[in-house]
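Trainee: no sequence for this one, just the structure:
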């Protein structure tokens, strides 16, 4: 069974559903409310575990996190490296989702900000073929240390640079697969946000990113894969009825890591991740709608996804 180590955040997600997102100064009434486990680290760990990987999570939580840790363990996530931060509460994400599935999110980092380099296991990579998955909801120095340590130990390093912030070239050079969305790609390159797959492809062709490969997530447009010396490849997404887009990117990253840990090539891994993310938006909540391997293999909406298209 493939092994993935996720270094990242853990939050309590408070999700409110509304007809329309409120404008500045406006109060709207919610149609529903769901509380669950979130945070990019926890979400990506659960997404990979649902697909059958052995997943170890490295994170910090508050002393109030007993139910969260039990929920993660019930998903098959190893939480032995999740440490309490006695002076902090667990991070909180307030999520508002409208009838079209669009959302706004405000995060209080809480204990996530207490994660330190000292919390990282000495061996992030313990065997050949292991994947280390990192995101940006933790301090930048921890991200850098995790990426560099995992790269030095021979792991496959996947970095999801979300939320967007600059990344040092020496850190990017140790990344095997960078997974930004359009806004994060623009931030990394100091450029304007590209318009869709064509804009992202043009920006990547001109870019000089030192990482080994880039997979740009495009929401309903799927993903764009750029590998050295090859043209960018656009992977369209199947058309689904989106209920809630929260967690779609995390589902993508978890599914990508799962496939890479199983030895899949990047294009095949990204295509499967597109299909997993497409399933995830058909339900409410970040983790509750993440697919299992059986669902991913049998859902007709996924099986009818368009074929891989090579961008011109």
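Mentor: That came in fine, so what should we check first? Note that the coordinates shown come from a computational prediction; the quantities given were computed from them, not determined experimentally.
Trainee: which parts of stretch 228-237 are buried?
Mentor: In terms of neighbour count (16 or more other Cβ atoms under 10 Å), stretch 228-237 has its buried residues at 232, 233, 234, 235, 236, 237. Placement of C-beta: from N, CA and C, glycine included.
Trainee: do the same with stretch 89-103
Mentor: 90, 91, 92, 93, 95, 96, 97, 98, 101, 103.
Trainee: Three-state assignment for the residue lying closest to residue 153 once chain neighbours are set aside, please.
Mentor: With sequence-adjacent residues excluded and distances taken as Cβ to Cβ, 6 or more residues apart in numbering, residue 153 is closest to residue 125, at 3.8 Å. Classification of residue 125 using DSSP: H, G, I helix; E, B strand; the rest coil returns coil.
Trainee: contact partners for residue 125?
Mentor: With Cβ atoms under 8 Å, 6 or more residues apart in numbering as the criterion, the residues that contact residue 125 are 5, 132, 150, 153, 154, 155.
Trainee: recalculate using a threshold of 7 Å.
Mentor: Counting by Cβ atoms under 7 Å, 6 or more residues apart in numbering, residue 125 makes contact with 132, 150, 153, 154, 155.
Trainee: quick check, nearest of the buried residues of stretch 89-103 to residue 32?
Mentor: Distance to residue 32, by Cβ to Cβ, is smallest for residue 97 among these, at 9.1 Å.
Trainee: so what's the closest one bridging to?
Mentor: Applying DSSP bridges to residue 97 gives these bridge partners: residue 17, residue 103.
Trainee: ok, it touching residue 242?
Mentor: No - taking contacts as Cβ atoms under 7 Å, residue 97 lies outside contact range of residue 242: 10.2 Å.
Trainee: for the chain, what spans make up the helices?
Mentor: 40-50, 66-74, 140-152, 169-172, 182-189, 196-206, 248-261, 266-280, 293-298, 300-303 (DSSP state H).
Trainee: with respect to residue 223, which of these lies nearest?
Mentor: Relative to residue 223, the nearest member of the helices of the chain by Cβ to Cβ is helix 266-280, separated by 5.2 Å.
Trainee: show me the contact partners of that closest one.
Mentor: 177, 213, 215, 222-223, 225, 227, 233, 235, 237-238, 240, 247-248, 251-252, 255-256, 259-260, 289-291, 295-296, 299, 301-302, 305, 308.
Trainee: got it, and stretch 9-27?
Mentor: Residues outside stretch 9-27 that contact it (Cβ under 7 Å, 6+ apart) are 28, 30-42, 59, 61, 65, 68, 82, 90-99, 102, 104, 107, 112, 135, 137-138, 246, 284-286.
Trainee: got the buried residues for it?
Mentor: For stretch 9-27, the neighbour count (16+ other Cβ under 10 Å) marks 9, 10, 11, 12, 13, 14, 15, 16, 17, 18 as buried.
Trainee: out of those, what pair is the most spread apart?
Mentor: Longest span within the buried residues of stretch 9-27, Cβ to Cβ: 10 and 18, 25.7 Å.
Trainee: measure residue 71 to residue 267 for me?
Mentor: Residue 71 is 34 Å from residue 267, where distance means Cβ to Cβ, to the nearest Å.
Trainee: ditto for residue 278
Mentor: For residue 278, the distance to residue 267 (Cβ to Cβ) stands at 17 Å.
Trainee: more crowded one of the two?
Mentor: Neighbours per residue (other Cβ atoms under 10 Å) separate residue 278 from residue 267, with residue 278 holding more: 25 against 17.
Trainee: need the pLDDT of the more buried one.
Mentor: Model confidence at residue 278, given as pLDDT, is 93.
Trainee: likewise for the one 5 residues further on?
Mentor: Residue 283 is assigned a pLDDT of 83 by the prediction.
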